[in-house]
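In: Got a sequence here, can you model it:
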Amino acid sequence: MFNSENSTPAAELEKRIKKFQTHLGKNNIDGALIIQSTDLFYFAGTIQQAHLYIPADGEPILMVRKSYERALAESGIKRIISFTSQKQIPGLLRENGYNIPGVLGLETDVMPANFYFALRECFENSKLTDVSHFIRLVRSVKSGYEIEIIKKAAFFSDMVAEKAKEHLEEGITEIEFAGKVEAEARKLGHQGIIRMRLWGSELFYGHIMAGPSAAIPSFLSSPTGGLGVAQAIAQGPGFMTIQKHQPVLVDYVFAWMGYLSDHTRIFSIGDLPDELIKAHRAMLDIHAMIKKEAKPGVKAGDLYEMATEMAERFGYGEHFMGVGDQKIRFVGHGIGLELDEYPFIAKGQKMALEEGMSIAIEPKLVFPGTGVVGIENTHLVGKDGLIQLTVADEQITIV
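Out: Sure thing, here's the model as predicted:
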């Protein structure tokens with residue numbers, strides 16, 4: 001009844017769980033309950049409404065509320081049972097041979113407060129602690145299985161960028177142009193959902209804006225904002241018409257089988273002013289520098305400092321990754337099942353790059369009243385440095 005053709009292999013799930021259990025053991029945490037959809041998918045291969053209990057040692061158990069039948073078909077977890085209420089969980093653990101954990105790990109960075117309070121009542125004799133950092137550490141280094149999916153997402157990103165120029169014409173609104181680009185992505189199998197972990201953050205495909213619209217700031221942790229179609233959205237493409245000689249930002253995410261590829265290209269109907277072309281080339285130079293310097297063992301924050309120093313030398317420090325108090329203090333981010341994964345190529349970050357991480361590098365310049373230029377590509381951290389996965393032409397595309 002349910003298509004499980006693309007299910008995550010059971011052996012892949014087992015490796016992920018064992019890595020996470022290592023963190024639990026080292027930190028004297030007896031077990032963890034996983035409830036967030038993305039984390040459930042990562043560890044259990046399903047996003048059905050469930051609680052996954054992972055003990056520090058031994059087999060995990062997936063307790064499913066809805067849909068139990070789909071979870072059975074989709075998940076590679078060996079122990080799967082149904083339940084109807086969180087109050088049942090301690091009893092179900094005992095019935096299935098688990099000790100009630102003295103220290104129980106939770107994803108408190110994303111868990112609703114009501115869930116937390118309910119679990120505190122259920123596990124009244126357990127100490128509750130946050131394990132989100134350990135989850136994100138495990139997820140930050142991708143397996144060969146994950147890398148192949150991300151490569152396919154990157155391939156589709158390039159295809160969408162190639163198709164975008166076919167739909168760009170003078171007088172088209174940002175939102176109509178966005179709809180045509182999104183249709184191309186959907187035909188390729190884009191899942192239509194871009195997941196982010198940061199509370200209150202959400203994204204629909206990405207940002208397509210032209211000229212001054214692209215330089216309007218928004219609430220999102222992004223150098224670009226946009227008016228959007230309404231105050232209820234307050235970001236992304238709106239009803240502004242695209243004119244000649246404006247930089248058109250196409251900053252879109254391709255989502256394939258859960259995994260993401262982040263990708264920015266600049267387009268224009270007719271030539272752009274020389275100062276914008278020069279600024280774009282400067283961002284390509286910063287991108288190339290980061291690619292050269294980003295190797296396993298290099299601290300993410302050091303790469304950010306190199307990028308900001310280079311932008312200052314080029315004379316673009318004031319406009320790099322935003323302007324004034326709207327400036328974003330990063331130049332890249334980890335990417336995988338979510339758009340904001342470890343590591344963050346950001347100010348003060350001490351995390352070192354590791355082989356197998358996937359990161360998006362996005363040096364951009366924001367010129368209020370004029371627009372945005374810059375580049376973004378998704379990369380894999382290899383043993384000798386970055387391997388670029390999105391390879392569409394990085395120069396400004398003139399239509």
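In: CA atoms only: put stretch 262-277 into CSV for me.
Out: Output in CSV follows, covering the C-alpha atoms of stretch 262-277 (Å, rounded to 0.1, in the frame of the first residue of the first chain):
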residue,chain,number,x,y,z
ASP,A,262,21.6,25.8,-1.8
HIS,A,263,22.4,27.8,-4.9
THR,A,264,22.5,31.5,-6.0
ARG,A,265,22.9,33.0,-9.4
ILE,A,266,22.5,36.6,-10.7
PHE,A,267,20.6,37.4,-13.9
SER,A,268,19.9,40.6,-15.7
ILE,A,269,17.7,41.7,-18.7
GLY,A,270,20.4,43.7,-20.5
ASP,A,271,23.8,44.7,-19.2
LEU,A,272,24.3,45.8,-15.6
PRO,A,273,26.2,48.9,-14.5
ASP,A,274,30.0,48.4,-14.3
GLU,A,275,30.1,48.9,-10.6
LEU,A,276,27.7,45.9,-10.0
ILE,A,277,29.7,43.7,-12.4
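In: If we go by neighbour counts, what in that stretch is buried?
Out: The neighbour-count check on stretch 262-277 (16 or more other Cβ atoms under 10 Å) flags 262, 263, 264, 265, 266, 267, 268, 269, 272, 276, 277 as buried. Heads up, the C-betas are built off the backbone N, CA and C, glycines and all.
In: out of the residues you listed, what pair is the most spread apart?
Out: Farthest-apart pair in these is 262 and 269; separation 24.7 Å (Cβ to Cβ).
In: Now the buried residues of stretch 262-277 in TSV, please, with extra columns for pLDDT.
Out: Listed next are those as TSV, based on pLDDT from 0 to 100:
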residue	pLDDT
262	98
263	96
264	98
265	98
266	98
267	98
268	98
269	98
272	98
276	98
277	98
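In: Stretch 49-62: end-to-end distance?
Out: 10 Å (Cα to Cα, to the nearest Å).
In: try stretch 66-83
Out: 9 Å.
In: Out of the buried residues of stretch 262-277, which sit inside helices?
Out: Per DSSP state H, helices hold the following members of the buried residues of stretch 262-277: 276, 277.
In: domains for this protein, by residue range?
Out: 10-139, 141-398 (automatic domain parsing).
In: which of the ones you listed sits most buried?
Out: domain 141-398 (a mean of 19; mean count of other Cβ atoms under 10 Å).
In: Can you pull out the low-pLDDT segments for the stretch 251-399 of the chain?
Out: Within the stretch 251-399 of the chain, no range satisfies pLDDT under 70.
In: which stretches of it form strands?
Out: Remark: strands assigned in the stretch 251-399 of the chain by DSSP state E, counting those that start in this stretch are 259-268, 330-334, 341-346, 358-361, 364-367, 371-374, 377-382, 385-388, 397-398.
In: any chance of the buried residues of stretch 262-277 in TSV, plus distance to residue 112?
Out: TSV is the format used below for those (distance: Cβ to Cβ, whole Å):
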residue	distance to residue 112
262	28
263	32
264	33
265	38
266	40
267	41
268	45
269	46
272	46
276	45
277	48
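In: what's the closest of the buried residues of stretch 262-277 to residue 307?
Out: The shortest gap between residue 307 and any of the buried residues of stretch 262-277 belongs to residue 264, at 15.3 Å (Cβ to Cβ).
In: beta partners of the closest one?
Out: On the basis of DSSP bridges, residue 264 is bridged to residue 251, residue 376.
In: quick one, what contacts it?
Out: With contact taken as Cβ atoms under 8 Å, 6 or more residues apart in numbering, residue 264 is in contact with 249, 250, 251, 252, 362, 364, 374, 375, 376, 377.
In: mind redoing it with 10 Å?
Out: 157, 161, 206-207, 224, 249-253, 283, 360, 362-364, 372-377, 390, 394 (Cβ atoms under 10 Å, 6 or more residues apart in numbering).
In: Roughly how far does it sit from residue 309?
Out: Per Cβ to Cβ, to the nearest Å, residue 264 is found 22 Å from residue 309.
In: got it, and residue 381?
Out: 22 Å.
In: What of residue 115?
Out: 44 Å.
In: same question, residue 296
Out: Relative to residue 309, and taking Cβ to Cβ, residue 296 is found at 22 Å.
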